[in-house]
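J.: pasted the sequence and its predicted model underneath.
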Amino acid sequence: MRETLTLRLNPDVIKAAKKKAQADNRTLTNYIETLMIRDLQSGPSLEVIAQPDIREYESVPLPGETKAERKRRDALFHAILDQSGH
Amino acid sequence: MTKPPFSPGQFVWCRFPYSEAPLSPGDKERIVYVADIRQHSGRRLFTVMSLYTTTVQWDPALPLPLGIIRVAGAAAAKMNQKPFVIDARRIAFVPATEDFFPRLWSPENAVVYEATKGFRTHVENVLAQLANRPDLVQLLGPEGPRHRR
């Protein structure tokens, strides 16, 4: 059985969403549900907030850290940026 | 600032930015997990790789999604917090300035807890999985490199 859900949204967003749904020849409910299903089915996504020149930042040496550990830290930093499209 | 204010593995107070306004501090302070600290070679500016935390409760019957790391009750209690989780899927490289870290000049107030080396490695492994780089995952426990004979 389908459930009713009340949402409080920005009127401008609602207006734009209604337009989009109409263009797709579907109801607003179906449009929102489709977006939700798509998001829920997608794998883990990364949201990274970073300054545009983030790759110019170098790792700060840590006390007791070996060269290999620092190299791994750098690799992880770049891998995260790669994965998030930065 | 010549010395990094924080170290990886620390939980610190931060005004974590929102994705829609990445250059502005968030409206309230929250605890973040410091995953890395980096410095711009030319500008001597530090940036703190901060992982978002939330007290949103996860159904204990369901497995946690990849990227969600539970902070055990004992550790949370030491921070005077309710149990919470780190959401390693939400990362911000936050400039080490007073705007984003209002307690920057009193680190004893800014740093609320320091994780163990094992926990730090666990967080790094989760990040490696999120980055789809299994080669960067380190073994933990008796199979870990330090315990091999």
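T.: That came through, no problem.

J.: how close does the residue nearest to A:Asn30 when sequence neighbours are not counted get to A:Arg38?
T.: Nearest in space to A:Asn30, with sequence neighbours left out and distances taken as C-beta to C-beta, 6 or more residues apart in numbering or on different chains, is A:Ala21 at 7.2 Å. Glycine gets a C-beta too; all of them are placed from N, C-alpha and C. A:Ala21 is 14 Å from A:Arg38, where distance means C-beta to C-beta, to the nearest Å.

J.: can you check B:Arg133 too?
T.: Separation of B:Arg133 from A:Arg38 (C-beta to C-beta): 26 Å.

J.: compare neighbour counts for those two and give me the winner.
T.: Ranked by neighbour count (other C-beta atoms under 10 Å in any protein chain shown), B:Arg133 and A:Arg38 place B:Arg133 first, with 17 against 9.

J.: count of residues packed around residue 83?
T.: The chain I'm using is chain A. 17.

J.: try again with chain B
T.: Other residues lying near B:Pro83 total 15 when counted by other C-beta under 10 Å.

J.: ok, B:Leu127 next?
T.: 27.

J.: worst-scoring helix or strand of chain B, pLDDT-wise?
T.: helix B:107-110 (a mean of 78; mean pLDDT, DSSP states H and E).

J.: check whether that helix contacts chain A.
T.: No - when contact is scored as C-beta under 8 Å from any C-beta of the partner chain, no part of helix B:107-110 falls within range of chain A; the minimum is 15.2 Å.

J.: show me what the helix or strand encompassing B:Ile69 is packed up against.
T.: According to DSSP states H and E, B:Ile69 maps onto strand B:68-71. The elements that strand B:68-71 packs onto, with contact taken as 3 or more C-beta pairs under 8 Å, 6 or more residues apart in numbering or on different chains; DSSP states H and E, are strand B:84-95, helix B:117-130.

J.: got a markdown table for those, with distance to chain A and mean pLDDT too?
T.: Putting the helices and strands packed on strand B:68-71 into a markdown table (distance: least, C-beta to the nearest C-beta, whole Å; pLDDT from 0 to 100) gives the following:
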| stretch | distance to chain A | mean pLDDT |
| --- | --- | --- |
| strand B:84-95 | 4 | 95 |
| helix B:117-130 | 6 | 94 |
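
J.: what's in contact with the strand holding B:Ile69?
T.: Outside strand B:68-71, the residues within contact range by C-beta atoms under 8 Å, 6 or more residues apart in numbering or on different chains are B:53, B:58, B:64, B:83-89, B:122-123, B:126.
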